[in-house]
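Trainee: okay, sequence plus prediction incoming.
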2 protein chains.
Amino acid sequence: MAAVNGSGESQPAKHQEVGHKSLLQSDALYQYILETSVYPREPESMKELREVTAKHPWNLMTTSADEGQFLNLLLKLINAKNTMEIGVYTGYSLLSTALALPEDGKILALDINRENYEIGLPIIQKAGVAHKIDFREGPALPLLDQMIEDEKFHGSFDFIFVDADKDNYINYHKRLIDLVKIGGVIGYDNTLWNGSLVAPPDAPLRKYVRYYRDFVLELNKALAADERVEICQLPVGDGITICRRLLRNLLKVVEYFTLDFNMAVANQYGVYGGGAKPPSKVNYSYQNQKPTANPSSSSDAANKANSSKALVTLENGKIQLVFSRIESVQPIQLCAGDEFSS
Amino acid sequence: MAAVNGSGESQPAKHQEVGHKSLLQSDALYQYILETSVYPREPESMKELREVTAKHPWNLMTTSADEGQFLNLLLKLINAKNTMEIGVYTGYSLLSTALALPEDGKILALDINRENYEIGLPIIQKAGVAHKIDFREGPALPLLDQMIEDEKFHGSFDFIFVDADKDNYINYHKRLIDLVKIGGVIGYDNTLWNGSLVAPPDAPLRKYVRYYRDFVLELNKALAADERVEICQLPVGDGITICRRLLRNLLKVVEYFTLDFNMAVANQYGVYGGGAKPPSKVNYSYQNQKPTANPSSSSDAANKANSSKALVTLENGKIQLVFSRIESVQPIQLCAGDEFSS
């Protein structure tokens, strides 16, 4: 593939060494980002893996260096420890993840092809992070289904990165939404699909680009409409959509009164407002029954029945919910029509 | 400004309503992101402010909707509570920030022009988040200098967003690096400057674009070379560079022995590996003096002298440092040549 410069001559664009077509207004701009902000800070091991991967015939599949840098920073920002990656290839994003996690961090890495992973493995080992990786060869869906069967995996992942068969992203999402923790992140790669999403019907597209395009369009629509997550679609690499799991729909609030009350607070309160201190006052507990305490009171003598299921607390005007399955206590936003079910 | 479509006809690009030129390969792709992932999820108040701002003659200065969404999500991901914004204009990014912060979150908002802020203020008030904002009219540098004088502001901000006079970004950075907390984030806006950074010397550029271009180029070089931060430059809006402050250079380690030891661990350990538990074992404390304890031992009886300055601890192969000024304990990466000074 070649880019055309201002004088009309054709010259190879360096970042296309690894098969990436930039989403940006010019290859020069993408190259500027890579050369100014990315390559000078790329760890030696990642550089080595990127260069080895560039020689592989399927190098189009690798995560780009700018996206690798973004993932690494994101994982540190959210203090990720337990993660999953679906679609490993030679392991560039996997190495980026492994370098970001703490020494006892874990990555469950799934790919149908171990051979490609073994191209990167010696470099990952040399970087001293291979012990964080649990690689499993095989299709991801059956394994995800097994995990869904086991309650202990629910809400257990801080971060999940999906860079695999685009025609299965929606199927992955159906399962991953239960496996990622509340407040945790799922990242879907290639959601801008070379920019082909907005190509006119008669545009010349490679066969595989055209085939997967409709799946990516459907995924983007589905993620945008999914109220269980907040999203952000970034034109990094080939486009990555970050989904942050919300608490919504986990517990069922059956009192209209409760919903009204929550609405008032929700209007002036963001989702997951931060703060992980346990509440000092527990006011109400719900399990499909009306609370017995006065909603405007704030005493410790409130209804504590079934508190192992869900506690709704009010402190300094903030609503907090505590679940037996969730370790930390986080303020949440409640909206009209929210359904909560334990 | 107008975009040219495939048939050669000129048509207005919708996102340019607010004066933004997309960094992406086509206006259609940018519009796709806005219409698929951003607008349907934009809070009503932000939509209203965006539309009011679009009618203002300086609307070129506003933060774009995709960047507003990104900032909002980023702030939740890092649990930001105490933030600063330099350059407010009508307050679109400010509102996005205020909506993301907890009820007791704070934003110190600085701008030389209160009139513009007052365009957005009624909408911010209606959204119920104005109480989080401390707006100050006037130039930012003198105020930052005042804050630098007062130790209590050092490391006190979880997040700082800069969207102001590009020729002062480097001057802001010199001060902000001390005001943001370790592990906290500074975001610099417009770091891809319409893509003009890679324009040939004779390219037709608007006067202000050409004037500020060299400052943006210098900033990008300086941030890329600044070892006090990790960075990531994202082509969101007009380009935002995310800087995550590292611990580097805060304390002075004077023992070569210590550096050697740290190097071995650093090789297999990421920066800020996560985990905020206080260490159960304190092994060494430093204050420009050799530790008396055996480096390979791990007993509680280790040297605790001067522990109010800095404690270097080893637990499960992780190095942790505790400072009197830093509330949480975080594992860090140490590199050869690192200087630590209390």
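Mentor: Looks like it arrived, so ask away.

Trainee: assumed residue A:184 was part of a helix.
Mentor: No: using DSSP: H, G, I helix; E, B strand; the rest coil, the secondary structure at residue A:184 is strand, not a helix.

Trainee: was I right to think it contacts residue A:247?
Mentor: No: if you go by C-beta atoms under 8 Å, residue A:184 and residue A:247 don't touch, sitting 11.5 Å apart. (Each C-beta comes from the backbone N, C-alpha and C, glycine too.)

Trainee: run through the stretch 1-150 of chain A and note the low-pLDDT ranges.
Mentor: Along the stretch 1-150 of chain A, segments meeting pLDDT under 70 span A:1-21.

Trainee: got the buried residues for stretch A:42-52?
Mentor: Buried positions in stretch A:42-52, judged by neighbour count with 16 or more other C-beta atoms under 10 Å in any protein chain shown: A:42, A:43, A:45, A:46, A:48, A:49, A:50, A:52.

Trainee: show me the residues you listed that map onto strands.
Mentor: Among these, DSSP state E puts none in strands.

Trainee: CA atoms only for stretch A:104-119 - export them in CSV, please.
Mentor: Extracted C-alpha coordinates of stretch A:104-119, given in CSV (Å, rounded to 0.1, in the frame of the first residue of the first chain):
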residue,chain,number,x,y,z
ASP,A,104,0.3,-10.2,40.5
GLY,A,105,-1.9,-9.1,37.7
LYS,A,106,-3.6,-11.7,35.5
ILE,A,107,-4.6,-11.8,31.8
LEU,A,108,-6.8,-14.5,30.5
ALA,A,109,-5.7,-14.6,26.8
LEU,A,110,-7.8,-16.4,24.2
ASP,A,111,-7.0,-17.1,20.6
ILE,A,112,-7.7,-19.9,18.2
ASN,A,113,-4.1,-19.9,17.1
ARG,A,114,-1.3,-20.6,19.5
GLU,A,115,1.4,-20.5,16.7
ASN,A,116,1.1,-16.8,16.3
TYR,A,117,1.2,-16.2,20.1
GLU,A,118,4.4,-18.2,20.1
ILE,A,119,6.0,-15.7,17.8
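
Trainee: buried stuff in it?
Mentor: Across stretch A:104-119, burial judged by 16+ other C-beta under 10 Å covers A:105, A:106, A:107, A:108, A:109, A:110, A:111, A:116, A:117, A:119.

Trainee: among those residues, name the ones in strands.
Mentor: When these are checked against strands (DSSP E), the matches are A:106, A:107, A:108, A:109, A:110, A:111.

Trainee: can I get those in CSV with distance to residue A:177?
Mentor: Shown next, in CSV, are those (distance: C-beta to C-beta, whole Å):
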residue, distance to residue A:177
A:106, 20
A:107, 19
A:108, 16
A:109, 20
A:110, 17
A:111, 21
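
Trainee: pick out whichever of the residues you listed sits closest to residue A:57.
Mentor: residue A:111 (16.5 Å; C-beta to C-beta).

Trainee: contacting residues for the closest one?
Mentor: Residues in contact with residue A:111 (C-beta atoms under 8 Å, 6 or more residues apart in numbering or on different chains) are A:86, A:87, A:88, A:89, A:117, A:135, A:137, A:164.

Trainee: and for the closest residue to residue A:45 other than its chain neighbours, the neighbour number?
Mentor: Leaving aside its chain neighbours, residue A:45 sits nearest to residue A:127 (3.9 Å; criterion: C-beta to C-beta, 6 or more residues apart in numbering or on different chains). By the criterion of other C-beta atoms under 10 Å in any protein chain shown, residue A:127 has 19 neighbours.

Trainee: next one: residue A:247
Mentor: By other C-beta under 10 Å, neighbour count at residue A:247 equals 21.

Trainee: surely it touches residue A:155?
Mentor: No: using C-beta under 8 Å as the test, residue A:247 is too far from residue A:155 to be in contact (10.4 Å).

Trainee: overlap in contacts, those two.
Mentor: Contacts common to residue A:247 and residue A:155, judged by C-beta under 8 Å, 6+ apart, are residue A:182.

Trainee: about what we covered before: residue A:150: which of the ones in strands among the buried residues of stretch A:104-119 is nearest?
Mentor: Nearest to residue A:150 among these, with distances taken as C-beta to C-beta, is residue A:108, at 13.2 Å.

Trainee: excluding chain neighbours, what is closest to the closest one?
Mentor: The shortest distance from residue A:108 to any non-neighbouring residue, by C-beta to C-beta, 6+ apart, is to residue A:84 (4.5 Å).

Trainee: same question, residue A:212
Mentor: That would be residue A:166: by C-beta to C-beta, 6+ apart, it lies 4.1 Å from residue A:212.

Trainee: how much space between that neighbour and chain B?
Mentor: 16 Å (C-beta to the nearest C-beta, to the nearest Å).

Trainee: which residues does that residue contact?
Mentor: A:190, A:193, A:212, A:215, A:216, A:219.

Trainee: what packs against the helix or strand containing the last one?
Mentor: Under the criterion DSSP states H and E, the helix or strand holding residue A:219 is helix A:207-225. Packing contacts for helix A:207-225, counted by 3 or more C-beta pairs under 8 Å, 6 or more residues apart in numbering or on different chains; DSSP states H and E, involve helix A:169-179, strand A:229-234, strand A:240-245.

Trainee: which strands or helices does the second one pack on?
Mentor: Packing contacts for strand A:229-234, counted by 3+ C-beta pairs under 8 Å, 6+ apart, involve helix A:207-225, strand A:240-245, helix B:65-77.

Trainee: who's in contact with the second one?
Mentor: When contacts are taken as C-beta under 8 Å, 6+ apart, the neighbours of strand A:240-245 outside the stretch itself are A:67, A:70, A:74, A:177, A:180-191, A:220, A:223, A:226, A:228-234, B:37, B:73, B:76-77.

Trainee: and the angle for it with helix A:65-77?
Mentor: Using axes from the mean of the first three to the mean of the last three C-alpha atoms, to 10 degrees, the inter-axis angle of strand A:240-245 relative to helix A:65-77 is 20 degrees.

Trainee: parallel or antiparallel, list what pairs with strand A:240-245.
Mentor: strand A:180-189 (antiparallel), strand A:229-234 (antiparallel) (DSSP bridges).

Trainee: let me know which of the helices and strands packed on helix A:207-225 is the nearest to residue A:199.
Mentor: Closest among those, once you apply C-beta to C-beta, is strand A:229-234, at 17.5 Å.

Trainee: who touches the closest one?
Mentor: With contact meaning C-beta under 8 Å, 6+ apart, strand A:229-234 is reached by A:70, A:177, A:186, A:191-192, A:220, A:223-224, A:239-246, A:271, B:33, B:36-38, B:41, B:66, B:69-70, B:73, B:76, B:234, B:236.

Trainee: could you list the buried residues of it?
Mentor: Buried residues in strand A:229-234, counted by 16+ other C-beta under 10 Å: A:229, A:230, A:231, A:232, A:233, A:234.

Trainee: alpha carbons of that strand, as CSV, please.
Mentor: C-alpha atoms of strand A:229-234 as CSV (Å, rounded to 0.1, in the frame of the first residue of the first chain):
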residue,chain,number,x,y,z
VAL,A,229,-22.6,0.8,29.6
GLU,A,230,-21.3,4.3,29.0
ILE,A,231,-19.3,4.5,25.8
CYS,A,232,-16.6,6.5,24.0
GLN,A,233,-15.5,5.7,20.5
LEU,A,234,-11.9,6.8,19.9
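
Trainee: give the rounded mean pLDDT of it.
Mentor: The average pLDDT for strand A:229-234 rounds to 96.

Trainee: close to chain B: what parts of the stretch 51-200 of chain A are there?
Mentor: A:66, A:69-70, A:73-74, A:76-81, A:99-105, A:127-129, A:185, A:192, A:195, A:197-198, A:200 (C-beta under 8 Å from any C-beta of the partner chain).

Trainee: tell me which residues of the helix holding residue A:219 are tucked away?
Mentor: By neighbour count on 16+ other C-beta under 10 Å, the buried set for helix A:207-225 is A:209, A:212, A:213, A:215, A:216, A:217, A:219, A:220, A:223, A:224.

Trainee: the contacts of residue A:111 in strands, which ones?
Mentor: Secondary structure from DSSP E places A:86, A:135, A:137 of those in strands.
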